[in-house]
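Sequence plus the predicted model coming up.
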Amino acid sequence: MNRATLRLRALAALPFVLALVAQLLLLALFHDRLPDRLAVHFGPEGADGFAGRTAYGVISAALLLGLGTGWTLLVRRTALWGAWATAGFTGALLALLVRDNLDAVDAARVVSPPTDLALAAAAAALLAAVGLALTRLVPEGEPAGVSVDADAPRLPLGAGEVAGWTRTTGSRPLTALAVLALVAAPVVLLLAPWPLALLGLVGLVIGVPGLALARIRVSVDRHGLTVRPSFASRPRVRVPLDEVAGADVRNVDALADFGGWGYRVRAHRTGVVLRSGEALVVRRPGGREFAVTVPDARTAAALLNTLAERHGKV
């Protein structure tokens, strides 16, 4: 594992460690002001889920450790903001839950105001911005010096000509799944009995990145290959020209080749896969590959090879 990967994983784990430390400190500092039984879930008629102080401490710690472990093992540079957002939302909700239970005589009468979710969402947005800023601490690519395969397709360009290529593509099933997950998340958090209500957080983890990937813009230009949400410039995946060892077109099977849809990670290859079929595949240093399913991938591959070759001669 190289230094860049270690740094990325450390930055992904950091917000969860901070949230866990904050949660344990709150429980220790306010131990005498917390009831023996805490209200931990709230329905339309008030508190309907309860846990002892020790059980709540174990459950909250396990939740943060589980989410942190998952993000640390699976995070990619362009998704670091998601790890910070998840830690911010979860940590804020847990801290607000402690606040709501302070000095409670009867846990059944504890009230969790609707503003708790708004405050947790604000914390998630703030920490997402922090995570996005910290992305700069992780190197984006490897050293230059990669030559393009001689047999890779080219798009003829004159010495003074410039060119760019861009396409927008999307997946209706992924859009529907993401919207469904985002709609279900607050419903499950509010209405499901404890501890099943925690599954609402899973809806957020699925829905937010799912919506970002449901419709993407793929571009090839002087910066290299860029894949980003169609409605925003970030988060994005970029393969700079000095990392292109060759690009071509390949038919991929979403399930057989990548195990599903969305941003996929496999041994020696990653991809943004919205459907089975035509994909632009870029070979990178060390034999790694990046694939994105997009129409007119042949033109994109030819232009990317031409631009990468020209870049290598500068």
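That came in fine, so what should we check first?

When you work out contacts or count neighbours from here on, use the C-alpha atoms and nothing else.
Fine.

just for the chain, where's the confidence low?
1-2, 140-152, 194-196, 198, 312-314 (pLDDT under 70).

rerun at 50
141-145, 313-314 (pLDDT under 50).

Name the SS class of the most far-flung residue of it relative to its centre, please.
In the chain, residue 105 marks the outermost C-alpha relative to the chain mean, sitting 40.7 Å out by C-alpha atoms, centre = their mean. Recorded secondary structure, residue 105: coil (DSSP: H, G, I helix; E, B strand; the rest coil).

Could you list everything residue 264 pairs with in the sheet?
residue 271 (DSSP bridges).

ok, how many other residues are close to it?
Using other C-alpha atoms under 10 Å, residue 264 has 18 neighbouring residues.

again, but for residue 229
Residue 229 - counted by other C-alpha under 10 Å - has 22 other residues nearby.

Which residue is the nearest non-sequential neighbour of it?
Using C-alpha to C-alpha, 6 or more residues apart in numbering and skipping residues adjacent in sequence, the residue nearest residue 229 is residue 216, 4.3 Å away.

Just the element for that neighbour, please.
Per DSSP states H and E, residue 216 falls inside strand 215-221.

so who does the closest residue in space to residue 52 that isn't next to it in sequence touch?
With sequence-adjacent residues excluded and distances taken as C-alpha to C-alpha, 6+ apart, residue 52 is closest to residue 37, at 4.4 Å. Residues in contact with residue 37 (C-alpha atoms under 8 Å, 6 or more residues apart in numbering) are 50, 51, 52, 53, 107.

which SS class is the nearest residue to the first one once chain neighbours are set aside?
The reference is to residue 50. Nearest-residue entry for residue 50: residue 39, 4.5 Å, with adjacent residues in sequence omitted and distances by C-alpha to C-alpha, 6+ apart. When classified by three-state DSSP, residue 39 comes out as strand.

Please point out which parts of stretch 185-194 sit buried.
By neighbour count on 16 or more other C-alpha atoms under 10 Å, the buried set for stretch 185-194 is 185, 186, 188, 189, 190, 191, 192, 193, 194.

no no, stretch 272-283
272, 273, 274, 275, 276, 278, 279, 280, 281, 282, 283.

gap between residue 77 and residue 199?
From residue 77 across to residue 199, the span is 26 Å (C-alpha to C-alpha, to the nearest Å).

which one's the longest helix in the protein?
helix 3-29 (DSSP state H).

How is this structure partitioned into domains?
The chain resolves into domains spanning 3-137, 165-313 when parsed by automatic domain parsing.

Looks like the residue farthest from the centre of the chain contacts residue 35 (just checking).
Yes: between residue 105 and residue 35 there is a contact under C-alpha atoms under 8 Å: 6.8 Å.

Could you list the paired strands of the strand holding residue 216 along with their orientation?
strand 165-170 (antiparallel), strand 224-229 (antiparallel).

will you turn those into TSV that also has distance to residue 293?
TSV is the format used below for these (distance: least, C-alpha to C-alpha, whole Å):
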stretch	distance to residue 293
strand 165-170	8
strand 224-229	11
